[in-house]
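S.K.: Sequence and predicted structure below; questions after.
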Amino acid sequence: MSLIRPLVAGNWKMNGLRAALTEVEALTAAHPAPACDVLLCPPATLIGAMVAAAAGGPVSVGGQDCHAAQSGAHTGDTSAEMIADAGGTAVIVGHSERRADHGEDDATVKAKAEAALRANLVAVVCVGETEAERDAGRTLDVVLGQLAGSMPQGATAANTVIAYEPVWAIGTGRVPEIADITEVHDALRKAVSDRLGDGASMRLLYGGSVKPSNAAEIFAVENVNGGLVGGASLKAADFGGIIAAAG
Ligand SMILES: O=C(CO)COP(=O)(O)O
């Protein structure tokens, strides 16, 4: 890991009722001053309550998705402005589960990322190849293509984070070889540096079966600046172990 302050982000996906907020209190008590930024993205129903539970501590709160529009006739959707109004400071866009379950293409993800910036949220833009794409030797093509198509206009190292999440590593316990993570993150670094004036300091997260037991090795990769964590972000003990590894 480089001099960039790492970010360890948790994506609770469709998990968590109010009772789970005790995990945030436990995390804050155990890690009052971590050596990385910490973000938790609960379901939209919990954003406001999590902001309250995390008050005064190091944990920032974000959404898992937003609509591209600010408001309007979009039943069931949440705008970036609503996430900000609830106290959120970031939003994940383009997660592979959104791309797969809701047919979101790069143009949709880009519009959502631009909505995030419009609302002064940090956009966490996800990219990643499927197993078939990796087996076909297309990993870099796919990931760099998604990056080019999903990057918001106006992106800077301060307002945009890229998360590389190989689809086949999500929730499977399978993690790419360190050499493979290195190859993709080096390519992402070159791409953001070529495109943005301050791309050299943009945070590039790895996601997919990050655990306390493998986090230190992954975070030691030069162009990995933290992680996007699913299952292991649900419990303070696990997530705390990953936060400690980012120090
Ligand atoms: O999809 C992920 C985070 O967005 C990764 O999920 P897991 O950490 O459960 O593999």
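M.R.: Yep, it's here. Residues are numbered from 1 along each chain as shown.
S.K.: Look at the closest residue to the ligand within the chain and say how many residues are nearby.
M.R.: Nearest residue of the chain to the ligand: residue 230, at 2.3 Å (CB to the nearest ligand atom). (Glycine included, C-beta is placed from N, CA and C.) Here the number of neighbours of residue 230 (other CB atoms under 10 Å) works out to 21.
S.K.: That one reaches residue 11, doesn't it?
M.R.: Yes. Residue 230 is within contact range of residue 11, at 5.3 Å (criterion: CB atoms under 8 Å).
S.K.: any residues in contact with both of the two?
M.R.: residue 207 (CB atoms under 8 Å, 6 or more residues apart in numbering).
S.K.: where does the chain come near the ligand, residue by residue?
M.R.: For the chain, the contact set with the ligand under CB under 6 Å from any ligand atom comprises 11, 95, 165, 170-171, 207-210, 228-232.
S.K.: got those as CSV, with secondary structure columns?
M.R.: Formatted as CSV, these follow (DSSP: H, G, I helix; E, B strand; the rest coil):
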residue, secondary structure
11, strand
95, coil
165, coil
170, coil
171, coil
207, strand
208, coil
209, coil
210, coil
228, strand
229, strand
230, coil
231, helix
232, helix
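S.K.: List only those of those flagged as buried.
M.R.: For these, a burial check counting by 16 or more other CB atoms under 10 Å picks out 11, 95, 165, 170, 207-210, 228-232.
S.K.: and the two most separated of these?
M.R.: 95 and 232 (16.2 Å; CB to CB).
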